[in-house]
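S.K.: For reference, the sequence and a predicted model appear below.
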Amino acid sequence: MPVNIDTVYQRVLALANKEQRGYITPQEYNLLANQAQSLIFEQYFYDLDKALETHANNTEYSDRTKEIQERIAPFENNNVNTASVSGNAITLPTDLHRLGTVFYINNGQNVKVERVDANEVEMMQQTALYAATQSRPVYVRRSDTIMDLYPSSLTYLTTTVKCNYIEKPTQVVWGYTVVNNQALYNAAASTNFSLHASEEIDLVYKILEMAGIVLNKPGLVQIATNEETGLIAKKQ
């Protein structure tokens with residue numbers, strides 16, 4: 001179940017007002033909420049890398065590695081068609097955050113496409129035994145959204161080049177309507193956080209911390225930082 005965008009906003013406002021630290025507008029909140037979601041999401045991969053360095057425990061509900069993988073799982077997409085093809089230039093899915101395995105369908109079989117550097121592919125093409133082939137294709141990542149597949153002589157289609165990837169979290173929006181000069185929550189115009197429900201408290205304090213910087217309220221930053229430090233200590 002995703003984290004409700006309005007629940008987090010009301011808690012942020014309540015804590016800010018309790019400490020008399022100022023008002024956070026809907027526009028400011030939406031910017032900070034998306035930044036907080038991105039920070040937490042990116043932290044998953046760092047935490048997973050650290051967790052994998054340690055041995056998993058046998059406790060059913062407290063294995064740190066499994067816990068992080070469960071939070072990433074809703075964002076995983078497998079064997080997905082690429083967005084578009086122009087010659088051997090392939091456009092990746094628009095919601096891609098991290099690219100996993102790339103596949104080329106050769107005679108009905110998924111063949112893993114190896115990633116190589118641009119200078120390496122040039123050398124490969126000059127050596128017959130080392131050159132990319134239909135049964136051993138390679139790709140070069142040209143940008144966040146484009147990759148080139150080799151051999152370039154093959155005919156590529158969006159349905160014959162597929163990939164596993166992790167998608168970006170959906171941008172959150174606290175939608176509202178103005179009534180008597182007051183912004184009132186509009187659920188129909190809103191988009192909730194994509195993160196796991198357990199991240200609600202962390203979102204509140206991250207947003208508060210950034211709001212303190214925006215509002216130039218060091219006290220609010222300190223309160224949020226102290227609470228966030230306590231949450232991190234509990235997770236470790």
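M.R.: Now that the structure is in, tell me what you want to look at. Just so it is clear, the structure is predicted and the values come from calculations on it, not from any experiment.
S.K.: Please report the distance of the spatially closest residue to residue 171 that is not a sequence neighbour from residue 187.
M.R.: Excluding the flanking residues, the one nearest residue 171 by CB to CB, 6 or more residues apart in numbering is residue 34, at 5.7 Å. The way it works is simple: take the backbone N, C-alpha and C, and place the C-beta from them, glycine included. As judged by CB to CB, to the nearest Å, residue 34 and residue 187 stand 18 Å apart.
S.K.: Repeat that for residue 140.
M.R.: 45 Å.
S.K.: out of these two, which sits in the more crowded spot?
M.R.: residue 140 (18 against 10; other CB atoms under 10 Å).
S.K.: List the residues that contact that one.
M.R.: 115-118, 121, 147-148, 150 (CB atoms under 8 Å, 6 or more residues apart in numbering).
S.K.: Residue 14 in helix, strand or coil?
M.R.: helix (DSSP: H, G, I helix; E, B strand; the rest coil).
S.K.: and it, how many residues sit next to it?
M.R.: Neighbours of residue 14 using other CB under 10 Å come to 11.
S.K.: Next SSE downstream of the helix or strand encompassing the residue nearest to residue 171?
M.R.: In this assignment (DSSP states H and E), residue 34 forms part of helix 26-52. Note on helix 26-52: by DSSP H and E, the next helix or strand toward the C-terminus is helix 64-72.
S.K.: same for that following helix, what does it pack against?
M.R.: Under the contact definition 3 or more CB pairs under 8 Å, 6 or more residues apart in numbering; DSSP states H and E, helix 64-72 sits against helix 26-52.
S.K.: for the helix it packs on, packing partners?
M.R.: Helix 26-52 packs on helix 5-18, helix 64-72, helix 200-214, going by 3+ CB pairs under 8 Å, 6+ apart.
S.K.: Single out the most deeply packed of these.
M.R.: Mean neighbour count (mean count of other CB atoms under 10 Å) peaks for helix 200-214 among these, with a mean of 21.
S.K.: gap between that helix and the chain center?
M.R.: Helix 200-214 has its C-alpha centroid displaced from the chain centroid by 19 Å (CA atoms, centre = their mean, to the nearest Å).
S.K.: now swap in stretch 38-46 and tell me
M.R.: For stretch 38-46, the distance to the chain centre is 7 Å (CA atoms, centre = their mean).
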